[in-house]
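Visitor: The following block contains a protein sequence and its predicted model.
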Amino acid sequence: MTTVLKADRVRQIFLDSLYNDGEDTSSHVKAEGITTNAVGFNPDRLNSHKAEIEAMLDELPDEFKKSGGGGMSFLNACNDKHGNQWTNFHQTMEQLFQLGIAIGKVECLLPREIWSALPGGMPYYVVN
């Protein structure tokens, strides 16, 4: 099992990268989600986690990678590239993708309007 991609660590980084009450949010980094339409991250705290976010994204199956399969359904992100399930929660998977979008490593392959035609109505993501 991977020691890099852990659900609790994804949640910790996600929460740490959000703004605290009273902070100036004018320089936020926006990342669209699935159930949470968009979040704004604190760029300094987000960037302090960039290498770890990249390492976690690298643990996703190769099909998610541009150089692998060229993108995969969100629904397949619960398993790592070793075939182990690393999370039981879609919310945690969504948080990982939002962190990846915010650092410029992940993109959604199709607009939200098309998602209903995809398996499970879920988007496809690619890790660049």
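Guide: Nice, thanks for sending it over.

Visitor: Let me see the backbone angles for the nearest residue to Asn20 once chain neighbours are set aside.
Guide: Of all residues not flanking Asn20 in the chain, Asn42 sits nearest, at 8.0 Å (C-beta to C-beta, 6 or more residues apart in numbering). (Each C-beta comes from the backbone N, C-alpha and C, glycine too.) Dihedral pair for Asn42: phi -70, psi 120, per degrees, to the nearest 10.

Visitor: Report how many residues lie close to Asn42.
Guide: 19 (other C-beta atoms under 10 Å).

Visitor: and if you look at Thr25?
Guide: Residues near Thr25, counting by other C-beta under 10 Å, number 11.

Visitor: can you check Lys105 too?
Guide: Lys105: 17 surrounding residues under other C-beta under 10 Å.

Visitor: Let me know the helix or strand that the most centrally placed residue in the chain is in.
Guide: For the chain, the residue nearest the mean C-alpha position is Phe97 (1.1 Å; C-alpha atoms, centre = their mean). Under the criterion of DSSP states H and E, Phe97 resides in helix 90-102.

Visitor: for that helix, packing partners?
Guide: Judged by 3 or more C-beta pairs under 8 Å, 6 or more residues apart in numbering; DSSP states H and E, helix 90-102 is in contact with helix 7-17, strand 29-32, strand 38-41, helix 50-58, strand 106-108, strand 124-127.
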